[in-house]
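> How does the following fold in three dimensions:
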Amino acid sequence: MAASDGRVNADDLFAGHIPRTRSYRRLIAGLFFAGVATFAQLYSLQAVLPQVAADLEVPAATAALTVSAATLGIAVAVIPWSLVADRIGRIPAMAIGIIAATSFGLAAPLSTEITVLLALRLGEGLALGAVPAVALAYLSEEVHARHVAAAAGSYTAGTTVGGLSGRLLAGPVAEAFDWRVGVWSVTAVCAVAAILFLRLVPRARRFVPGRMRTDAGPGMFARLIRALRSPRLLALYAQGFLLMGAFVAVYNYLGFHLIAPPFLLPVWLVTLLFLAYLAGTVSSPRAGALAVRYGRRRVLLAAIGLFGAGAALMYVPSPIVILIGLVMFTGGFFGAHAIASSWAPVLADPESRAQAPSLYYFAYYAGSSLFGWALGIVFGQAGWEWFLGGVIAMGAPAALIATALLRSDRMTDA
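Below you'll find the model as predicted:
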């Protein structure tokens, strides 16, 4: 847009942040800390589910609802948050969500009844929905198109560090003190990460909030319909629904499996299995880089194959083999997620660029909420072997859908 004196606004000439620049590093670091602030508190309860079940006197599947309630909140909230971000701006929306979520996170451990805890976790998830709803739209707008896949992989790596740090901190602290103290300690870390996010992330230069535009563009319903018309986008939503559902279920119930006979592992040792999350920290940016070279569909299918092979290894009744399988499973999942999540805003048209990743994350967290609980019933009633069968069965249709509806492409992935 030209200025009133005839000069060209520098933001109109801005093609996006590129690697090896200070602004790009600040953007990646800022979103990294947003991922930590979001996913550390989202999954901190997962590390202490056995203690929650014992303290509140509920079965494993009910205790796991503390994770499902938060992910359900995100699923419900991502689309409304995308609309809020269209109106007030990407960064303000994420800031409001993170601050509100931290408040809920501080209150949740005060619960003495499972119903109160579930209600607070639902509220926490509703607030946390701001980050997954907006982060990838912001990234796809502000990073040069050639580098979006790699940048999204780096962002996804940050989310894995967040999920890992929340679990690793909550578990040992809960073992030493109480599950409530463990969760509080994670929330304190999230507050620091939120401050770092706000200080580091660059202002948006390629997006004008709706409140500052004279032309508001299509309405909410029209933008959602646009993001639901494309079979390729629907295929990406299916990836999130199926793969995330299986992934969260494994991490929800693996601890219960390993502290029971024949393993009888101590809780502190089981908590260390969450170090397998580091496989996702490695695989996410690597998948983004490989997508530039080989095309997103090929990398996505390879990641799903690794996901399934890792789940199959967990049939072997050996903690070492289970750990190897968990590392493969985790690396495959995050590789697939990095590809699918970053592809959604690229395939969407400009008017629905925030809604496409929001719908992806709606499906992603809906799968987490549904299967994170439902597969627990399978685990409780039929055992670990049938549970793993369900996990593997969810990966197969994800691969078939990707093969049928996502064509191979490179570089721009358009």
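> For the helix or strand hosting residue 167, which helices and strands make contact with it?
Per DSSP states H and E: residue 167 is located in helix 148-176. On a contact count with 3 or more Cβ pairs under 8 Å, 6 or more residues apart in numbering; DSSP states H and E, helix 148-176 meets helix 22-43, helix 130-142, helix 179-200, helix 267-271, helix 278-294, helix 319-347. Placement of C-beta: from N, CA and C, glycine included.
> could those helices be laid out in CSV, adding distance to residue 157 and mean neighbour count?
CSV is the format used below for the helices and strands packed on helix 148-176 (distance: least, Cβ to Cβ, whole Å; neighbours: other Cβ atoms under 10 Å):
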stretch, distance to residue 157, mean neighbour count
helix 22-43, 8, 23
helix 130-142, 13, 27
helix 179-200, 15, 20
helix 267-271, 21, 17
helix 278-294, 4, 21
helix 319-347, 8, 25
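> can you tell which of these is closest to residue 76?
Of all the helices and strands packed on helix 148-176, helix 130-142 sits nearest to residue 76, with 10.9 Å by Cβ to Cβ.
> any residues touching stretch 174-194, and which ones?
The contact list for stretch 174-194 (Cβ atoms under 8 Å, 6 or more residues apart in numbering) reads 33-34, 36-38, 40-41, 44-45, 47-48, 51-52, 55, 95, 98-99, 101-102, 105-106, 108-110, 162, 165-166, 169-173, 267-268, 271.
> Please save the CA atoms from that stretch in CSV.
Extracted as CSV, the C-alpha positions of stretch 174-194 are listed here (Å, rounded to 0.1, in the frame of the first residue of the first chain):
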residue,chain,number,x,y,z
ALA,A,174,5.4,-35.3,42.0
GLU,A,175,7.4,-38.4,43.1
ALA,A,176,9.3,-36.3,45.7
PHE,A,177,6.3,-34.2,46.9
ASP,A,178,2.9,-34.5,45.4
TRP,A,179,1.3,-34.4,41.9
ARG,A,180,-0.1,-31.0,42.7
VAL,A,181,3.3,-29.5,43.4
GLY,A,182,4.6,-31.2,40.2
VAL,A,183,1.9,-29.5,38.1
TRP,A,184,2.5,-26.1,39.8
SER,A,185,6.2,-26.3,39.0
VAL,A,186,5.4,-26.8,35.3
THR,A,187,3.0,-23.8,35.3
ALA,A,188,5.8,-21.6,36.7
VAL,A,189,8.1,-22.6,33.9
CYS,A,190,5.3,-21.8,31.4
ALA,A,191,4.9,-18.3,32.8
VAL,A,192,8.6,-17.6,32.1
ALA,A,193,8.3,-19.1,28.6
ALA,A,194,5.2,-16.8,28.0
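> Against which helices or strands is the lowest-mean-pLDDT helix or strand in the chain packed?
Least confident helix or strand of the chain, by mean pLDDT, DSSP states H and E, is helix 220-229 with a mean of 78. Here helix 220-229 touches helix 65-88, helix 355-382, going by 3+ Cβ pairs under 8 Å, 6+ apart.
> Only whichever of the contacts of stretch 174-194 are buried, select them in ChimeraX.
Buried residues among the contacts of stretch 174-194 (16 or more other Cβ atoms under 10 Å), as a ChimeraX selection:
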select :33,34,36,37,38,40,41,44,45,47,48,51,52,95,98,99,101,102,105,106,108,109,162,165,166,169,170,171,172,173,267,271
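> which stretches of this structure have low pLDDT?
1-13, 206-220, 351, 353-354, 408-414 (pLDDT under 70).
> and the helices and strands packed on helix 148-176 as CSV, adding distance to residue 66?
Converted to CSV, the helices and strands packed on helix 148-176 look like this (distance: least, Cβ to Cβ, whole Å):
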stretch, distance to residue 66
helix 22-43, 10
helix 130-142, 19
helix 179-200, 10
helix 267-271, 17
helix 278-294, 22
helix 319-347, 21
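> who wins for proximity to residue 122 among these?
Using Cβ to Cβ, the helices and strands packed on helix 148-176 put helix 22-43 closest to residue 122, at 12.1 Å.
> helix or strand right after the closest one?
Following helix 22-43 toward the C-terminus (DSSP H and E): helix 49-56.
> between that following helix and helix 179-200, how big is the angle?
130 degrees (axes from the mean of the first three to the mean of the last three Cα atoms, to 10 degrees).
> Next secondary structure element downstream of helix 49-56?
Following helix 49-56 toward the C-terminus (DSSP H and E): helix 60-63.
> and that following helix, what other elements does it pack with?
Judged by 3+ Cβ pairs under 8 Å, 6+ apart, helix 60-63 is in contact with helix 49-56, helix 355-382.
> out of the ones you listed, deepest packed?
Neighbour counts (mean count of other Cβ atoms under 10 Å) averaged over each of the helices and strands packed on helix 60-63 peak at helix 355-382, with a mean of 24.
> I'd like to check the angle between that one and helix 319-347, please.
150 degrees.
> So which elements touch helix 355-382?
Partner elements for helix 355-382 (3+ Cβ pairs under 8 Å, 6+ apart): helix 60-63, helix 65-88, helix 130-142, helix 220-229, helix 231-259, helix 319-347, helix 384-405.
> okay, those helices in CSV with distance to residue 368 next?
Shown next, in CSV, are the helices and strands packed on helix 355-382 (distance: least, Cβ to Cβ, whole Å):
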stretch, distance to residue 368
helix 60-63, 14
helix 65-88, 4
helix 130-142, 11
helix 220-229, 20
helix 231-259, 4
helix 319-347, 11
helix 384-405, 12
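> Looking at the ones you listed, which is nearest to residue 200?
Of all the helices and strands packed on helix 355-382, helix 130-142 comes closest under Cβ to Cβ, at 13.2 Å.
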